[in-house]
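Student: no sequence on hand, only this structure:
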């Protein structure tokens, strides 16, 4: 990430941290570096912040102030990423996010980020059901689909 702080590189690292090695401090550094390294779109800001929060939830670390700030700002913009930011912040629930989803990819994401909210709240059973629902969308190409599979294999039993 130091050599090439692109959102794509940061995404790869953060998704690895979600599924393999939840390291909150490293996730924070990757997020910060990606945001200061080059201008990134609002969508990338949301997804990177969501993955930081997923890592932190899995590591049982407190909410990231930086990611929370970004999600708060992005939640006011409107559109799909704003709904995901609102879901992560607890401002809307999974049902509202799913109702706003247009297509399988967005439903896959809604289920996945609802699962992360449930994990943060300590509700592993609800998290598991949401991860299973994410996979049930059949959106194999989605990063959230792959992360849901990995979490079900290891972390969320």
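Tutor: Now that the structure is in, tell me what you want to look at. As the structure is a computational prediction, the values presented were derived from the model and not from experiment.

Student: what segments of this structure are helices?
Tutor: For the chain, applying DSSP state H gives helices covering 7-19, 24-37, 42-58, 65-74, 80-88, 94-100, 104-120, 124-136, 143-153.

Student: what residue ranges in this protein score low on pLDDT?
Tutor: 1-4, 37, 155-157 (pLDDT under 70).

Student: find the residue at the geometric middle of it.
Tutor: residue 50 (3.3 Å; Cα atoms, centre = their mean).

Student: that residue and residue 127, how far apart?
Tutor: Residue 50 is 15 Å from residue 127, where distance means Cβ to Cβ, to the nearest Å. Quick note: C-beta positions are derived from backbone N, CA and C, even for glycine.

Student: how about residue 120?
Tutor: 9 Å.

Student: over to residue 96?
Tutor: Using Cβ to Cβ, we find residue 96 at a distance of 18 Å from residue 127.

Student: who's more crowded, those two?
Tutor: residue 127 (24 against 14; other Cβ atoms under 10 Å).

Student: buried set for stretch 66-78?
Tutor: 67, 68, 70, 71, 74, 75 (16 or more other Cβ atoms under 10 Å).

Student: okay, now the closest residue to residue 19 other than its chain neighbours: neighbour count?
Tutor: Residue nearest to residue 19 in three dimensions, not counting chain neighbours: residue 150, with 3.8 Å by Cβ to Cβ, 6 or more residues apart in numbering. Residue 150 has 17 neighbours, counted by other Cβ under 10 Å.

Student: ok, residue 150 - contacts?
Tutor: Applying Cβ atoms under 8 Å, 6 or more residues apart in numbering to residue 150 gives the contacts 18, 19, 20.

Student: switch the buried residues of stretch 66-78 over to TSV; also include distance to residue 83.
Tutor: What follows is these, written out as TSV (distance: Cβ to Cβ, whole Å):
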residue	distance to residue 83
67	17
68	17
70	15
71	11
74	10
75	8
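
Student: any idea which of the residues you listed is closest to residue 25?
Tutor: residue 67 (13.1 Å; Cβ to Cβ).
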